[in-house]
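[1] only the shape, not the letters, is given here:
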């Protein structure tokens, strides 16, 4: 076979499996061999842990939503771990009832992972619920998470991040569509064994399952649940445990968040090769399909375009390769048009194409970030997430 044709077909096959084949495989797998969960209401002691850096403007709303949980008040405590905050965060936290809301102030900023290690070490509750400062919680969020932990095979449970629709932009709708796709994968993975990662905005785990993570960890919401899986427990996705946020308004805002996340994926692969080893990781197939393949996708896209261009210009090539090359160029043109024109981006096909191209370009930038930024675990406050300053670390 022509080498260019072999590379072209292999690249298309990789992309097809990553974005279409794997979801179809999961759906079939979950239908043939689902693993049910024994959900039963029970009331273990719970600590809601929030790590925050300079989040004074968000703390009142966040703590109020934690205290409004439909859960026995005497069994629930809120712990705010302040990562070197120098604004009014401590004063806002201190305004709440100290019997229900505790402050753990760290004088020096070290990053979320280090604070999580120290904060959880101070807890003696049975269950830890981890949530970020920015998102408000639904009153039933904790209850719905906890019900899954009644099954003693379950070690952690992810909630669902829901994007508020008011004021959403066309680009935000594209990101929302991607996030719905992502939630489908996590939900279905949990039906057959475990979700690959959890929603950092809201998830719960048995305190006994927590293992301290390196302070420089970027993706605590992947490494912590994968450590749970490595201990023989399941990690689930719970649709009814909701946290509310706004999607990014444009590619620049999404870039800030996604590049850091993707740098974290590269960090995980470099630091924890056992994640892709089937004899060490019970869900290695899911991890490779869900995480690793997406990191390879931009390379596959580039190879598909370059080899198709070679095939299309080869005098011995057929009309098929010219048509596929034109189709690729048209798809990229739609994506670029969507990024340049907000009016064009209102067209569904255009906004999906622009979001897809942006997200894959962010993979490239994430790799550069991983190689060049040794402090990627520290979020920079001057950056914007969803139109507001980020207040977590």
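    Received, thanks. Keep in mind that what you see is a predicted model, and the values were worked out from it rather than measured. Numbering: from 1, shown residues only.
[2] neighbours of residue 181, just the number please.
    11 (other C-beta atoms under 10 Å). C-beta here means a position set from N, CA and C on the backbone, and glycine is covered the same way.
[3] tell me the contacts of it?
    Applying C-beta atoms under 8 Å, 6 or more residues apart in numbering, we find residue 181 in contact with residue 23.
[4] what stretches of the chain score poorly on pLDDT?
    1, 165-175, 247-251, 253, 375-393 (pLDDT under 70).
[5] which parts of it are helices?
    Taking DSSP state H as the test, the helices found in the chain are 3-16, 22-32, 56-67, 89-94, 112-121, 141-148, 170-192, 220-230, 251-271, 284-287, 293-313, 319-340, 348-372.
[6] what residues sit buried inside stretch 330-341?
    Using 16 or more other C-beta atoms under 10 Å as the test for burial, stretch 330-341 gives 331, 334, 335, 337, 338, 339.
[7] with distance to residue 366 added, can I get those residues in CSV?
    Below are the buried residues of stretch 330-341 laid out as CSV (distance: C-beta to C-beta, whole Å):
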residue, distance to residue 366
331, 22
334, 24
335, 18
337, 24
338, 21
339, 18
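[8] between those, which sits nearest residue 259?
    Checking these against residue 259 by C-beta to C-beta gives residue 339 as the nearest, at 16.1 Å.
[9] distance of that closest one from residue 304?
    Residue 339 sits 20 Å away from residue 304, going by C-beta to C-beta, to the nearest Å.
[10] next: residue 215.
    Remark: distance between residue 215 and residue 304 (C-beta to C-beta) = 39 Å.
[11] same question for residue 39.
    Distance from residue 39 to residue 304, by C-beta to C-beta: 44 Å.
[12] of those two, which one has the most company?
    residue 304 (22 against 16).
[13] how about the residue nearest to the more buried one when sequence neighbours are not counted, what does it touch?
    Distances taken as C-beta to C-beta, 6 or more residues apart in numbering put residue 11 closest to residue 304, at 4.0 Å, once the chain neighbours are dropped. Contact analysis of residue 11 by C-beta under 8 Å, 6+ apart lists 300, 301, 303, 304, 307.
[14] at 10 Å what do you get?
    296, 297, 299, 300, 301, 302, 303, 304, 305, 306, 307, 308 (C-beta atoms under 10 Å, 6 or more residues apart in numbering).
[15] what of residue 179?
    160, 161, 162, 163, 199, 245, 247.
[16] make it 7 Å
    Listed by C-beta atoms under 7 Å, 6 or more residues apart in numbering, the contact partners of residue 179 are residue 163.
[17] the longest strand seen in the chain pairs with which strands?
    Taking DSSP state E as the criterion, the chain has its longest strand at strand 234-245. Partner strands and pairing direction for strand 234-245 (DSSP bridges) are strand 136-137 (antiparallel), strand 154-163 (parallel).
[18] ok, back up a step: right, and the helices of the chain - which one's nearest residue 78?
    helix 56-67 (4.7 Å).
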